[in-house]
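**Student:** have a look at this prediction, sequence included:
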Amino acid sequence: MVGTIGTGVARCGLAAVLFGATTPLAAELAGETSAPVLAGLLYVGAAVAVAPVVARQGLDPLAIRRGGSRLLAAVVAGGLLGPVLLVAGLDRTPAATASLLLNLELVATTVLAAVFFHEHVGRRVASGTALVVVAGAALAWVGAPELRVGALLVVAACVCWGVDNCVTADLDQISPAAITLVKGVVAGGTNLVLGLALGGSVPSGWGLPAALVIGMLGFGASITLWVRGARDLGAARGQLVFSTAPFVGVAVAWGVLGDRVRPVEVVALVLAAVGVTRVVGSDHAHDHVHHPVEHDHEHRHDDGHHDHVHPDLPPDVTHAHRHGHGALVHAHPHVPDLHHRHEH
């Protein structure tokens, strides 16, 4: 279990670096085209990034049908609405402020995971989330009316991605790369066509390849890594780790793009950083029941939950295939990964 948690943290952390570093760069492109066009290009880039992986793995039509309703919710909330709201907000908000506001995705994910998906949160995660709320509120309500509108658009994007996070973290029938590909093709294509039909234009010069590369790294690779990590940690904890993304974005905005350092951003950064560190040690132990289940996800055979046999495969090798679990009752430290989504 310790190894699984460490792997999940590493995956969500790398996803955060990729997304955080590209957000200020996407903000630089926001003024060159409409929000739907840029959002579409970003997600088309995401699809391009994962297409070779999905081509090697293949798509299981039965798995798509079984997880179709949840995948549709993730595509609409996280792929269609979220990017458009973000790009619209980036056009009205300083890059550093927008990067810090993205921490509110953590709040939305934690609340939704606890209330609607019955994921265990605990005092450490709850207190860390509360600190991020304070940091986000300080940014959203300080400044000119135009800044407040931009901040609220970014907050709305965070709520959409909170829904997306909770759904995809529990979507164990479809591979993370396939989820990203469907989002990229369906949501990206829809936004791009809609944006062009409404009079938007494709960015000129280096704008087009830049948008696609940002989408490949900040959305394609980042989304895939986050989904894999959240399956190890649960949606709320995975998002807490991912909340380091705005810190990377602020560093890029201040150090590379030359944005002015505003005192309120420094205060918000410190509050959010303290909140994120509260996730450390948030695992817990108690007697719990595993009901029979059949699913498909990455696993290894030395984690105490996967006891089916592969004669030619060492127990510490990570692999993925459809497999089943029988009923089991035991106690050990755990977080709300794919096998521990029980209620408390």
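**Tutor:** Yes, it's here.

**Student:** how about the nearest residue to L196, chain neighbours excluded?
**Tutor:** Closest residue in space to L196, ignoring its immediate chain neighbours: V37 at 6.3 Å, by Cβ to Cβ, 6 or more residues apart in numbering. (Glycine included, C-beta is placed from N, CA and C.)

**Student:** got the contact list for the one you found?
**Tutor:** Applying Cβ atoms under 8 Å, 6 or more residues apart in numbering to V37 gives the contacts 191-192, 195-196, 200-203.

**Student:** counting neighbours, which of these comes out on top?
**Tutor:** Among the contacts of V37, the one with the most neighbours (other Cβ atoms under 10 Å) is N191, at 28 neighbours.

**Student:** look up the closest residue to that one, ignoring the ones flanking it.
**Tutor:** Spatial nearest neighbour of N191, excluding adjacent residues (Cβ to Cβ, 6+ apart): G40 at 3.5 Å.

**Student:** how many other residues sit next to the one you found?
**Tutor:** Neighbours of G40 under the rule other Cβ under 10 Å: 32.

**Student:** check contacts around it.
**Tutor:** For G40, the contacting residues are 83, 187-195, by Cβ under 8 Å, 6+ apart.

**Student:** drop anything exposed from those residues.
**Tutor:** Buried subset of those (neighbour count, 16 or more other Cβ atoms under 10 Å): 83, 187-188, 190-192, 194-195.

**Student:** so, low pLDDT: which residues of the stretch 101-250 of the chain?
**Tutor:** Residue ranges of the stretch 101-250 of the chain with pLDDT under 70: 139-147.

**Student:** how about L86: what's its closest non-neighbour residue?
**Tutor:** Nearest to L86 is A157, by Cβ to Cβ, 6+ apart, at 4.1 Å.

**Student:** and if you look at G13?
**Tutor:** Leaving aside its sequence neighbours, G13 sits nearest to V241 (Cβ to Cβ, 6+ apart; 5.5 Å).

**Student:** quick one: residues contacting the one you found.
**Tutor:** When contacts are counted by Cβ under 8 Å, 6+ apart, V241 touches 8-9, 12-13, 16, 229, 233, 276, 279.

**Student:** next: S204.
**Tutor:** Applying Cβ under 8 Å, 6+ apart, we find S204 in contact with E32.

**Student:** try V9
**Tutor:** By Cβ under 8 Å, 6+ apart, the contact set of V9 is 229, 233, 241.
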